[in-house]
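Trainee: Need a 3D model of the sequence below.
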Amino acid sequence: MSTSRELINDLDSSLNKAGFREPLFLLRAQDVFFEDAVEAWIERAEQACAAGQGSAGLVGKIDEAKALLRAAQRWPNRKVPD
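Mentor: Numbers count the residues shown, from 1 in each chain. Next comes the predicted model:
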C-alpha cells in the first residue's frame, strides 16, 4: 500500500516511472467512486492473469490493489470528488 509521500519518495513507484508528460489518473480513498474503480481494475487484471497475459509483477499489483481497497473501505469522510 502506498501513501502520496511514499510514491513521491520511491524512485521505482509508478508515479516516478511515468513519463514527464504522461497522463495519470489519481484516485483518493475519500472518493466514493474509489471502490468501484479499483474493483473493476482488479477484475480485469485477474482476467488477464487467467488468460495467461499476466506477469508476476501484475499479480503483485493485484495484491496491492486489494490491500488499498480494504484500507479505503475504512477511510473516514468519504465524498463525491471536488
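Trainee: which one is the residue nearest in space to the middle of the chain nearest to, not counting chain neighbours?
Mentor: In the chain, the C-alpha closest to the average C-alpha coordinate belongs to A65, at a distance of 5.1 Å (C-alpha atoms, centre = their mean). With C-beta to C-beta, 6 or more residues apart in numbering as the criterion, A65 has its nearest non-adjacent residue at 5.2 Å, and that residue is I42. The C-beta positions use only the backbone N, C-alpha and C, and glycine is treated the same way.
Trainee: do the same with V38
Mentor: In space, and not counting its chain neighbours, V38 is closest to L69: 4.9 Å by C-beta to C-beta, 6+ apart.
Trainee: Name the SS class of that neighbour, please.
Mentor: Using DSSP: H, G, I helix; E, B strand; the rest coil, the structure places L69 in helix.
Trainee: wait, isn't it in contact with A40?
Mentor: No. At 11.0 Å, L69 does not count as touching A40 under the criterion of C-beta atoms under 8 Å.
Trainee: the more surrounded of the two?
Mentor: In this comparison of L69 against A40, neighbours counted by other C-beta atoms under 10 Å, the higher total goes to L69 at 18 against 10.
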